[in-house]
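K.L.:
Just the structure for this:
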Amino acid sequence: NFTLSENDTGGDRFTSETFNTNVTCNIKAQEPIVYGLKAKVEGDLVVQAQTSVITGTSTGTVDGGFAPVIYQGNAFSGGSGNKSVTGVGFSPSLVWIKAREADKPNMLFDTIRGAGNVIKSNLTEAETNGTNLLTSFDSDGFSVGNDSAVNDKKMVAWCWDAGDTTVTNNDGTIESTVRSNGNFSIVKYTGGTDGAVDVCSMGHGLSSAPSLIIVKSLDIAKGWAVYHKSVGAGSYLSLDESSAAKIADVVWDDKEPDDTVFYAGTSALTGSNLYNYIAYCWAESPTQSFGSYTGNNTSQFVECGFAPAFVMLKAVDDNGGWYMFDTQRGENILEANSAGAEYASSGCVLGATGFTISGSGTDINAQSRQYIYATFAGGTTVTGINEAANQMTVDSGSFTTGESVTGPTFPPATGTILSTGTRI
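P.N.:
Residues are numbered from 1 along each chain as shown. This is a model prediction of the structure:
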């Protein structure tokens with residue numbers, strides 16, 4: 001249960017302890033007390049009194065299985081270089097690692113290809129293997145060796161959970177190996193458009209059509225192909241480049257993905273010449289959202305329906321990087337298409353139900369320019385809470401000591417809430 005209880009004799013404070021799915025809130029109140037809620041949950045916590053509503057958000061792992069984590073490596077200081085990173089909240093299926101203060105590649109590892117096998121989002125090179133890179137996927141995180149690309153002084157890792165089962169999928173014309181939790185899947189396949197056929201399709205294992213697909217060839221030095229629902233299957237974006245969307249029906253065969261498969265044309269980026277490919281696929285869900293907005297050169301709010309822990313932005317109709325923001329690093333930017341270190345920005349602020357784009361920077365908010373976004377809720381500690389939006393009123397006429405009320409309307413998964421609230 002998520003429990004709000006007094007922890008001093010005057011009833012002026014509460015502590016936030018733990019929560020589980022199908023939460024019950026036990027409210028202990030004396031005379032009318034107003035509290036400032038200083039913890040966050042992914043999704044809304046709503047407790048309806050006769051005349052009062054308790055709203056707020058708190059931390060913890062939520063449905064959708066995403067978590068950003070920051071850690072300090074030990075290889076740089078002459079240590080052993082072997083480090084276990086914990087606090088993810090689940091055993092990750094995809095781990096995307098980036099050094100924050102050094103020019104190091106974006107390093108992507110997944111459970112289908114196996115620990116140690118890496119592809120780099122800012123490079124076109126084929127998959128490589130390293131014994132001192134990511135060494136294992138663990139129950140609450142992962143372990144890394146002494147390579148500075150994964151074990152430098154300040155690091156960030158974005159982690160996704162695709163479930164714990166890998167299956168063979170024959171929904172498409174090409175057999176695929178799939179690991180999926182319904183909202184996110186990892187798909188490995190061998191392309192089949194070798195001249196004998198013009199298109200191939202692969203089962204993705206999601207519960208609905210994917211809104212975002214990222215594909216990389218494993219055997220050859222080819223770029224990354226990105227499908228986004230707001231761009232459509234007649235064009236593609238390159239994750240390793242800052243270029244605008246390119247019109248090319250040979251990448252996705254100009255066919256939109258459906259509830260069971262996605263398509264690849266004759267392009268070596270996605271399906272030709274019997275090469276091996278890895279695809280990361282995401283569908284819309286209550287904890288992840290994919291859409292677009294038009295720049296206005298001032299400020300605007302983009303509604304997601306949840307508190308995003310990670311946002312990636314990209315200009316579609318002009319050049320601009322793949323800009324990544326998360327709750328663990330404040331407003332600092334890292335770019336998926338660049339090995340560069342993070343740098344400060346005030347252009348994107350993550351909030352309780354979406355994110356705010358501000359300023360006139362051409363890369364994220366130029367007048368009339370089109371942008372796409374990908375956002376994910378997450379389960380780690382959030383700071384910088386909007387106190388005004390997270391106040392709650394407990395009315396003695398509505399609650400008696402120890403009375404239980406049901407909430408939230410959007411139940412999170414098991415987690416721990418780390419903050420406390422104070423009477424205001």
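K.L.:
hey, where'd the helices end up in this protein?
P.N.:
For the chain, helices defined by DSSP state H occupy the ranges 249-252.
K.L.:
Could you pull up the residues touching the most centrally placed residue in it?
P.N.:
What sits nearest the mean C-alpha location of the chain, by C-alpha atoms, centre = their mean, is F376, with 3.8 Å. Contacts for F376 (C-beta atoms under 8 Å, 6 or more residues apart in numbering) come out as 64, 66, 160, 287-288, 308-310. (Glycine included, C-beta is placed from N, CA and C.)
K.L.:
how about a cut-off of 6 Å?
P.N.:
Listed by C-beta atoms under 6 Å, 6 or more residues apart in numbering, the contact set of F376 reads 66, 288, 310.
K.L.:
That one pairs with what?
P.N.:
Q288, F310 (DSSP bridges).
K.L.:
ok, now how distant is it from G65?
P.N.:
The gap separating F376 from G65 is 9 Å, by C-beta to C-beta, to the nearest Å.
K.L.:
before we move on, what about D140?
P.N.:
13 Å.
K.L.:
got a list of what W160 touches?
P.N.:
Counted by C-beta under 6 Å, 6+ apart, W160 has contacts 66, 94, 184.
K.L.:
Please list the members of those residues that lie in strands.
P.N.:
Judged by DSSP state E, strands contain the following of those: 66, 94, 184.
K.L.:
Contacts only, for the second one.
P.N.:
It stands for L94. 110, 160.
K.L.:
And the pLDDT for it?
P.N.:
With respect to pLDDT, L94 has a value of 98.
K.L.:
what about it, distance to A244?
P.N.:
In terms of C-beta to C-beta, L94 sits 27 Å off from A244.
K.L.:
where in the stretch 1-150 of the chain is pLDDT low?
P.N.:
1-64, 75-80 (pLDDT under 70).
K.L.:
repeat that for 50
P.N.:
1-63 (pLDDT under 50).
K.L.:
just the stretch 301-424 of the chain next, same as before
P.N.:
The model of the stretch 301-424 of the chain has pLDDT under 50 over residues 380-424.
K.L.:
what about the strands in it?
P.N.:
Along the stretch 301-424 of the chain, the stretches classed as strands by DSSP state E, counting those that start in this stretch are 308-315, 323-326, 334-335, 348-350, 354-358, 370-377, 391-394, 403-406, 415-416, 420-423.
K.L.:
Strands of the stretch 151-300 of the chain, start to end?
P.N.:
Going by DSSP E, counting those that start in this stretch, the stretch 151-300 of the chain shows strands at 155-160, 166-169, 176-180, 184-190, 200-203, 210-217, 225-228, 235-236, 246-247, 261-264, 276-283, 288-294, 299-303.
K.L.:
Between D140 and G65, tell me which one has more neighbours.
P.N.:
Neighbour comparison, D140 and G65: the larger count goes to G65, with 29 against 13 (by other C-beta atoms under 10 Å).
K.L.:
any idea how far the closest residue to that one other than its chain neighbours is from F376?
P.N.:
Spatially, and ignoring its direct neighbours in sequence, G65 is nearest to D161 (2.9 Å; C-beta to C-beta, 6 or more residues apart in numbering). Using C-beta to C-beta, D161 is found at 11 Å from F376.
K.L.:
Appreciated, that's everything.
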